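**Q** Fold the following and give me the result.
(2 chains)
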Amino acid sequence: MTEKIKKAGRHVSQNEGLIFEKSAAGKRGMELPPLDVPAVDARQALGAAHLREAWSGFPEVSEIEVIRHFTRLSTWNYAIDLGMYPLGSCTMKYNPRVNEFVARLEGIATEHPYQPQELSQGCLKILQVLQQCLLEITGMDAITLQPAAGAQGELTGLLLIRAYLESQGNPRKKVLIPDSAHGTNPATATIAGYQVENIRSDARGQMDVERLRSLVNGDVAALMVTNPSTIGVFEQRIAEAAEILHAAGALLYMDGANMNALAGVARPGDFGVDVMHLNLHKTFSTPHGGGGPGAGPVMVKKILEPFLPVPVLVEKADGSLALDTNRAHSIGRVRAFCGNFGVLVRALAYTLAYGPGIRQATEDAVLNANYIRARLTDLYELPYTLPSMHEVVFSDARQKKFGVSTIDIAKRLIDYGFHPYTTAFPLIVPGALMIEPTESESKEECDLFIEAMRAIAEEASSNPELVKTAPHATRVGRLDEVTAARKPILRWKPQASSEAAD
Amino acid sequence: MRYLPKSPAERQEMLRAIGARGMEELFTSIPAAHRLDRPLRLPGPLSEMEIIDYFRARAAENSRGYTSFLGAGVYQHLRSVVTDAILQRGEFLTSYTPYQAEISQGTLQAIFEFQTLMCQLTGQEVANASMWDGSTALTEAVLMAERLTGRQRVLVARSLHPEYRQVLATYAHNLGLQVEEIGFSASGQLDAAALRAAVSPTTAAVVVQSPNFFGVVEEVALLAELTHAREALLVVAVTEGVSLGLLRPPAEADIVALEGQSFGLPPSYGGPFVGVIATREKFVRQMPGRLAGQTTDQHGRRGFVLTLATREQHIRREKATSNICTNQALCALAAAVHLCLLGKAGLQELAQQNLAKARFAAAELEKIPGVRRAFSGPTFNEFAIELPRAVKLVNAELRKDKIIGPLPLGGFYPELSKHGLVCVTETSPRADIERLAASLRRALALPQ
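**A** Residues are numbered from 1 along each chain as shown, chains lettered A, B, ... in the order given. Here you go, the predicted model:
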């Protein structure tokens, strides 16, 4: 390890097997209060044929072993709570602890979705206030909070477009998607029953509006566009794109994954967007939790409101709130119950913490990205030079000369105490380094990151092997993904001997 | 603002480094016409204490003080404080999807353990890292069956959770799937004769839930036989995972869609929960969702990675098996921790207690004149009762005793307007069950 590394150092990392390997018959980690009604003979009650016989390998461990096991595992993770997590397009910002606290309150976490609505007014009020906040932030007219994640929000949005077009007489066939888009966009369009047509970006990395004009016809249902785009740049001709689509009877869908660059500064509803989703686990700070849960609310313009999923939150004449399932034109349900309510609670707590001051968060996010850009452009190739918003995308073109690729640089960052940036995405930038610091990073943390990136650029030329074999400071080195995929081992299995003894 | 770690002087210093005169200059790439020229009209800003007060006030407007016997896909179960202590470790809570395996081994190994636990519980060979919830897992299981069979006709038990059926209908609508429903018999189980008549060489999947929406355990082995006779796939949904502590796992099913909420997750007004798809090894490449797999590093040390990503949207784009990316990883971790705590003996005892409590409650309620069990089939911790009058009216009376009564089934099944669904878990003390019986007796004794 070189002198330059300031942030990372080794810390104790204990070995730990799988929980199944610690199991021993007769141990348990949770005890129940004694049964206070007569016991029932399950064989009689359910019939022998319905009873479980085999328990092969199910763990039997004590409470302390569970605590140690999962605590040790946790120490093998990097996390926002440990440091900067500059994953582009993922918006890894601070997840406020008070959000966790309020989501667990008795009367919030304990509520059942089928309890009478008169006894759920507090939950419904939370949904109502969050709806109002998100509509104000996005400038849209109506909303559903039901989708469980961004991808489901996208699907909901496209189904709304489809239902609207059907009501106009023809659902149409195609959805246009820029080549800079995230992979979920085309995957979602397919599930919504649409063919995908990709649009190449122009030389500046912007949506090619002339190309769009030539492609839009009576078969096109919608354009799905991410704004700011995945190279972190505002689509300057977005309103013009909207006009082209609207003139042909098509609609504009905006992937709101990058709303962190706009909150308080610009509203999609004001630049021609007809339907959009938000990822509350990005802009609205709900924790990623190692890959979820998230929430993907969908906001629409008035014309799409009749088609929103059921139930729809309504205010009754007496001021009380209710969930209305009786909607003739609804696309139906996209998820059981009321969506990821606990995530929605956290998002509202975040919004209330800022109020109108959410603009400051946006400003700091954009400030951080531009600061990093300014201090790294002399060493890293910037393929698109339009002004950056919340993220900056470099390429590995200069380091490639020494055989060092974006993934190598990313892995070397780990040794410096940082989570890597997003590698190899967006696809329009070969060898992309996609850096999104978010507003949660101090100047000091940004400076450390910049120094690390500068040091790695130097290493890439002076000692490329060091970079190409990184990381060196982790408990495991680069893992063999090829074998993992060729001969998948997707579960633990008991040894033959212990199986026989079970 | 307490979440923002910069002083005004630092902001100025950074602006200077960029070469910008002020913050506004950073936003000039947004055409002026699209820039907002006023502050957002939002409530706040609130301090931490004010946020807590706000949500406490909302909590007080809910069902506090009421005793509930609701289940129907969302179950009240005991949770250990240990589970939440683990979940609140920042290393789990505030990490991303474990794409960078070297610094995500904690999450990856936990997912691998979760997958293993789900296989053990469902009797299947592989399970994924999680789906959004039971309803979307079920829907994706049906889409998977369509891909595997190349057929488009789906036979769905009417006793499958009504909201799961609604979600399936939403997805199926544009994909050319024909969904037909198969009714239930007097036992509350799927009408096997109707299934036998309906299943055909064009059937992609037969979809049942067990225990079903009425709490009745289905004859999964028999249904598998009928389904496989036409080379269709059997998809089994499980909404009450605790039942698997006692019931034979649906090993004959080709795909299992499980809702894992019962494993350590609070009802939370309907989510976040954790769905799972489990299936046979030979179907894994048509399975949606992330998968953690075991491998080694260059020194031969065991490690875990996300694998078989060529099924997924970020690689395959429009040809992916699903559009899912963010799933419910933290909820899957909760389920894994909870199940490890319970262990084999704990889960068995928990299931036994649920069975005993529900049977006790059913017997108490059946003693009330005019109340009868609606179905004759075997039940676990939920059962449907038929009352002499509309459930909604009866429930209004129970509310006066601070009891949230049986879930009225009439809203989902018009022919069952006098039927209600009762769920009794280990969390209901005997005294509460007796109070429910007394209150129902009183309500039904009132003149109509």
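
**Q** so which helix or strand takes in the residue in the stretch 151-300 of chain A positioned nearest to chain B?
**A** Relative to chain B, the nearest point of the stretch 151-300 of chain A is A:Gly289 (2.8 Å; Cβ to the nearest Cβ). C-beta coordinates here come from the backbone N, C-alpha and C atoms, glycine included. A:Gly289 belongs to no helix or strand when elements are defined using DSSP states H and E.

**Q** Give me the phi and psi angles of it.
**A** With angles defined as degrees, to the nearest 10, A:Gly289 sits at phi 60, psi 30.

**Q** Can you tell me the closest non-neighbouring residue to it?
**A** Distances taken as Cβ to Cβ, 6 or more residues apart in numbering or on different chains place B:Leu330 nearest to A:Gly289, at 2.8 Å, with adjacent residues excluded.

**Q** can you list the domain ranges for the chain.
**A** Chain wasn't specified; assuming chain A. Split into domains by automatic domain parsing, chain A comes to A:101-356, A:358-485.

**Q** that's the wrong chain, I wanted chain B
**A** If you go by automatic domain parsing, chain B breaks into B:67-78+B:344-445, B:81-338.

**Q** I'd guessed A:Val392 sits against A:Ala374; true?
**A** No - if you go by Cβ atoms under 8 Å, A:Val392 and A:Ala374 don't touch, sitting 9.3 Å apart.

**Q** With neighbour numbers in mind, choose between those two.
**A** A:Val392 (29 against 19; other Cβ atoms under 10 Å in any protein chain shown).

**Q** Give the bridge partners for the more buried one, please.
**A** A:Ile435 (DSSP bridges).

**Q** And it, how close does it get to chain B?
**A** 11 Å (Cβ to the nearest Cβ, to the nearest Å).

**Q** Identify the residues contacting that residue.
**A** A:232, A:369-370, A:372-373, A:376, A:382, A:434-435 (Cβ atoms under 8 Å, 6 or more residues apart in numbering or on different chains).

**Q** quick one: stretch A:150-162 to chain centroid distance?
**A** 16 Å (Cα atoms, centre = their mean, to the nearest Å).

**Q** Kindly report the same for stretch B:357-371.
**A** Distance, centroid of stretch B:357-371 to centroid of chain: 28 Å (Cα atoms, centre = their mean).

**Q** which residues make contact with that stretch from outside it?
**A** Here stretch B:357-371 has contacts from A:35, A:37-38, A:40, A:45, B:69, B:215, B:372-373, B:379-383, B:385-388, B:422-426, B:428, B:430, B:433-434, B:436-437, B:440-441, B:444, using Cβ under 8 Å, 6+ apart.

**Q** Would you map the strands across chain A?
**A** Ranges of strands in chain A, per DSSP state E, are A:142-144, A:174-178, A:195-199, A:220-226, A:251-255, A:275-277, A:298-300, A:312-315, A:321-324, A:392-395, A:422-423, A:432-435.

**Q** wait, A:Glu118 sits on A:Ser320?
**A** Yes - using Cβ under 8 Å, A:Glu118 makes contact with A:Ser320 at a distance of 7.1 Å.

**Q** before we move on, back to that, for the contacts of A:Val392, name the two members farthest from one another.
**A** The widest separation within the contacts of A:Val392, taken as Cβ to Cβ, falls between A:Asn370 and A:Met434 and amounts to 14.9 Å.

**Q** For the stretch 201-350 of chain B, which segments count as strands?
**A** B:203-209, B:233-238, B:255-259, B:275-279, B:292-296, B:302-306 (DSSP state E, counting those that start in this stretch).

**Q** for chain B, what's the longest helix?
**A** helix B:329-366 (DSSP state H).

**Q** could you point out which element follows that helix?
**A** strand B:372-373.

**Q** ok, that next one: who's next to it in the sheet?
**A** Applying DSSP bridges, one finds strand B:372-373 paired with strand B:382-386 (antiparallel).

**Q** Restricting to C-alpha, output the partner strand in CSV.
**A** Coordinates of the C-alpha atoms in strand B:382-386 are reproduced here as CSV (Å, rounded to 0.1, in the frame of the first residue of the first chain):
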residue,chain,number,x,y,z
GLU,B,382,-57.2,-18.8,9.3
PHE,B,383,-60.7,-19.9,8.7
ALA,B,384,-63.9,-18.5,7.1
ILE,B,385,-67.1,-18.3,9.1
GLU,B,386,-70.7,-17.8,8.0
